[in-house]
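Asker: Any chance you can model this:
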Amino acid sequence: MNRFSLLTLLLALIIGLGGCDKDRTMSERGFRLPDGNATAGRETFLYMHCNQCHTIEGEELAPIPGFEPYVELGGPVTRVKTYGELVTAIINPSHKLADGYPADLVSTEGKSNMYVYNGFMTVQELTDLVMFLQPHYEVVPPEFQYRVYP
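Answerer: As a prediction, the model looks like this:
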């Protein structure tokens, strides 16, 4: 066996064994909440005052006096907003902060300004809210600027 093959095999073995220490108890594999009810999800959105900070593409939502929503949900996106991503955004808002907004609006010291509802929201309200939000995203192909060579 030549030196290159031996080095490649050793590297593959190290990479393969590196994944063995991963804590499998925190795997998302097998996790799926039941489907919710979109109509009830809209009611949850309003009841939880999500429209204090959020608007939704294509939805007319009653404004909350004294608040100006600044993060839009829904609309065109270049990839599917998965069920898991929406659940995570709701129950762990600091996991990934909203892109494209002034940092001081969406976070303080790297933590999301979004209120954490985990102690108040039922699982049914969560699943209903996700069922309400998901159809508001429209997947569109990303725009590419192809370089034309002379």
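
Asker: Identify the residues contacting the spatially closest residue to residue 48 that is not a sequence neighbour.
Answerer: In this structure, residue 48 finds its nearest non-sequential neighbour in residue 117, 6.1 Å apart by Cβ to Cβ, 6 or more residues apart in numbering. All C-beta atoms are positioned from the backbone trio N, CA, C, and that covers glycine. Residue 117 sits next to 48, 90-91 when contact means Cβ atoms under 8 Å, 6 or more residues apart in numbering.

Asker: list the contacts for the most centrally placed residue in the chain?
Answerer: Residue closest to the average C-alpha location in the chain (Cα atoms, centre = their mean): residue 85, at 3.4 Å. Counting by Cβ under 8 Å, 6+ apart, residue 85 touches no other residue.

Asker: and it, that's in a strand?
Answerer: No. Residue 85 is assigned helix when assessed by DSSP: H, G, I helix; E, B strand; the rest coil, not a strand.

Asker: follow-up on the earlier one: from the contacts of residue 117, which single one is nearest residue 8?
Answerer: Within the contacts of residue 117, proximity to residue 8 (Cβ to Cβ) peaks at residue 91, which comes in at 42.6 Å.

Asker: how about the nearest residue to that closest one, chain neighbours excluded?
Answerer: residue 118 (5.6 Å).

Asker: Three-state assignment for that neighbour, please.
Answerer: coil.

Asker: from now on call the first residue 51
Answerer: Sure, I'll start counting at 51 from here, so that last one is residue 168.
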